[in-house]
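Enquirer: Sequence first, then the predicted structure:
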Amino acid sequence: MIHYTCDRCKREIDTACEIRYTVQLEVQAAPDPQLGDFDEDIDHLTELHQILEGIAEEDEMDLSNAETSLQGRYDLCPECHRQFLKNPLGRDAFHAIGFSNN
């Protein structure tokens, strides 16, 4: 028998009596397509054009790097699923940190 564990709270999920939810997450870099575009009708200095073209090619190669993307599949118990739907980006946890007014 396959055993599932909630990836959020680490509790074992009993699929015989409760629903197991899966979250599939894919994060990719989304470059601005306008950053690499040049208007060919404008007369640029050849050297400047080559430098800018080289920078644009380097940026495209960097964005295609595996470090800029993530794919994951996570199992959630019903309670963690409800919490995830309420706050999928975890914003509340970030704002809940309080600092004193020193």
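Expert: Okay, I see it.
Enquirer: contacts and neighbour counts: CA atoms only from here.
Expert: Fine.
Enquirer: which element is the closest residue to residue 22 other than its chain neighbours on?
Expert: Using C-alpha to C-alpha, 6 or more residues apart in numbering and skipping residues adjacent in sequence, the residue nearest residue 22 is residue 75, 4.5 Å away. According to DSSP states H and E, residue 75 maps onto strand 70-76.
Enquirer: If you count neighbours, what's buried in that strand?
Expert: For strand 70-76, the neighbour count (16 or more other C-alpha atoms under 10 Å) marks 75, 76 as buried.
Enquirer: Equivalent analysis for stretch 71-91, please.
Expert: Residues 75, 76, 77, 80, 81 are the ones in stretch 71-91 that count as buried (16+ other C-alpha under 10 Å).
Enquirer: will you turn these into TSV that also has pLDDT?
Expert: Below are the buried residues of stretch 71-91 laid out as TSV (pLDDT from 0 to 100):
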residue	pLDDT
75	96
76	96
77	96
80	95
81	96
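Enquirer: Provide a list of residues in contact with the residue nearest to residue 22.
Expert: Applying C-alpha atoms under 8 Å, 6 or more residues apart in numbering to residue 75 gives the contacts 4, 5, 6, 7, 8, 20, 21, 22, 23.
Enquirer: Going through the residues you listed, which ones are buried?
Expert: Buried members of the contacts of residue 75, scored by 16+ other C-alpha under 10 Å, are 4, 5, 6, 7, 20.
Enquirer: how close does the nearest residue to the first one once chain neighbours are set aside get to residue 2?
Expert: Read it as residue 4. In space, and not counting its chain neighbours, residue 4 is closest to residue 13: 5.4 Å by C-alpha to C-alpha, 6+ apart. Distance from residue 13 to residue 2, counting by C-alpha to C-alpha, to the nearest Å: 10 Å.
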